[in-house]
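**Student:** Only the shape, not the letters, is given here:
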């Protein structure tokens, strides 16, 4: 084994131990404990979802501002929807699990519901985090310096969606943000449409399997449209066409789409023909969307097709593809390094900056509203 591989393996083990200590539940007995969580998602001005996992079936609830709510169980994979929240409000909470006379609690955390009329915020987008938690952790740490309000994940969260150990490896890494910053993912090919994806993640209501395989959700002046590029493309194409034919919801300035397999790319995975056939005609049409995020190839790449930028944000931790391998006539930028995109939202523009984990700017551009400012 080379010295660098040995050091990487030591770093990997150190990271896992450190994360385990970070997530160690307070007040827990040796029997019952919270394995991972909380994971915040589907955050609106009046509601939020939380997900977590206990080592044995337990009754659990969320203590919000000192009051117990949403008691349920006995389960290991817990997921609750908190309703009746107030816009622009800080909520302090912790998880409480109970089983066989034992109790385990999480630390206290805080999330903030979006304020009414909020028009400026920052979010980050990344993907393909499977296989290497140490590199994934580097990307997460770098993203947190941007103080994102929410995070998009473009798929391949784990190496195998049916593998419980893979999920137990993924969630401790995102614990740096997941209790306080909502996560919005899409399915990748490595998830395999496994039930774990639906059971473990706090997903907005939509359509397809489990009622949330693909979905549309609002966050202030943005509408996020999340698709599954792995299956049922024709059905989703009809859904997308109908959605984009509707007037933008009140207050929505931007429509942003995300799905895993990119339609335009320099490879090594070729551009997805199904996405080009069933998604792109509606995304690229006048009145369509303003920005698209993809993954699948483990690098950053921006393709410009007409007015629309497609961003592959696959530098989240999977084995990197350092160089282009296919001809892509729409390519504007490429970087085969650990990376993520930062998007600064206002009513006037989307300011998009792609950053490496060292803070180096890899690409930068501005999106203006269709038809101009």
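**Tutor:** Done, it's in. Quantities reported herein were computed from a predicted structural model and do not represent experimental measurements.

**Student:** Show me where the stretch 151-300 of the chain has its strands.
**Tutor:** With DSSP state E, counting those that start in this stretch as the definition, the stretch 151-300 of the chain shows strands at residue ranges 183-185, 206-207, 214-219, 222-226, 254-258, 291-294, 300-305.

**Student:** Leaving out the residues flanking it, which one is nearest to residue 153?
**Tutor:** residue 185 (4.1 Å; Cβ to Cβ, 6 or more residues apart in numbering). All C-beta atoms are positioned from the backbone trio N, CA, C, and that covers glycine.

**Student:** any idea which of the strands of the stretch 151-300 of the chain is most buried?
**Tutor:** Ranked by average neighbour count under the criterion mean count of other Cβ atoms under 10 Å, the strands of the stretch 151-300 of the chain are headed by strand 291-294 at a mean of 27.

**Student:** Identify the residues contacting that one?
**Tutor:** Contacts with strand 291-294, where a contact means Cβ atoms under 8 Å, 6 or more residues apart in numbering, come from 125, 127, 152, 154, 229, 254, 256-263, 265, 283, 308-314, 341, 343, 350, 352, 367.

**Student:** Residue 353 falls within a strand, correct?
**Tutor:** Yes. With DSSP: H, G, I helix; E, B strand; the rest coil as the criterion, residue 353 is assigned to a strand.

**Student:** pLDDT below threshold where in the chain?
**Tutor:** With pLDDT under 70 as the threshold, the chain has low-confidence stretches at 1-30, 371-373.

**Student:** where do the helices sit along this protein?
**Tutor:** Under the criterion DSSP state H, the chain carries helices at the ranges 3-23, 133-144, 164-174, 195-200, 233-245, 273-278, 280-284.

**Student:** Turn those helices into JSON lines, columns for distance to residue 158 and mean neighbour count.
**Tutor:** Below are those laid out as JSON lines (distance: least, Cβ to Cβ, whole Å; neighbours: other Cβ atoms under 10 Å):
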{"stretch": "helix 3-23", "distance to residue 158": "15", "mean neighbour count": "12"}
{"stretch": "helix 133-144", "distance to residue 158": "10", "mean neighbour count": "21"}
{"stretch": "helix 164-174", "distance to residue 158": "4", "mean neighbour count": "19"}
{"stretch": "helix 195-200", "distance to residue 158": "8", "mean neighbour count": "20"}
{"stretch": "helix 233-245", "distance to residue 158": "23", "mean neighbour count": "16"}
{"stretch": "helix 273-278", "distance to residue 158": "22", "mean neighbour count": "17"}
{"stretch": "helix 280-284", "distance to residue 158": "27", "mean neighbour count": "19"}
